[in-house]
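# A predicted structure for the sequence below; I have some questions about it.
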Amino acid sequence: MSELQGKRWNELLHKRLDDHGFTIHHIKEWREQQCETGRPSGLADFYELHGLCFDCQSMGVKFLGERDDVGIWDVCNTCQGTGKAVRSEWKNPISPL
Ligand SMILES: [Zn+2]
């Protein structure tokens, strides 16, 4: 088995949802409002509408796996670590919340 190429979480710059000005609560509210008005209310729709990268859930880093019981991460290829991307660049979106 080849060794995972990547870094530990705290060795990489990463972003949180509130770095982009959003919270989980904000997303839930938005989804409920969208649902009530019959508009697209998926998590992916939220990310797209707000220009956030769905591949890494706007964190700028992606989880690769574990090495010696430590989580290994790498910079997200889609957004180059910015946490922002347009939908057309998405590849293999991870499952929604
Ligand atoms: Zn990304």
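Yes, it's here.
# which stretches of this protein form helices?
24-36, 43-49 (DSSP state H).
# pipe the ones you listed into CSV and attach mean pLDDT per row.
Below are the helices of the chain laid out as CSV (pLDDT from 0 to 100):
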stretch, mean pLDDT
helix 24-36, 96
helix 43-49, 90
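# and the pLDDT at residue 53?
At residue 53, the predicted lDDT confidence score is 93.
# hmm, it is touching residue 80, no?
No. Applying Cβ atoms under 8 Å, one finds residue 53 not in contact with residue 80, separated by 9.2 Å. Yep, even glycine has a C-beta here, placed from its N, CA and C like the rest.
# between those two, which is the more surrounded one?
Each of residue 53 and residue 80 had its neighbours counted (other Cβ atoms under 10 Å), and the higher figure belongs to residue 53 (28 against 12).
# returning to what we had before: and the helices of the chain: which comes nearest residue 68?
helix 24-36 (31.1 Å; Cβ to Cβ).
# now do the residue nearest the centre of the chain against residue 68, distance only.
By Cα atoms, centre = their mean, the chain has its centre lying nearest to residue 57, at 1.0 Å. Distance, residue 57 to residue 68, using Cβ to Cβ, to the nearest Å: 25 Å.
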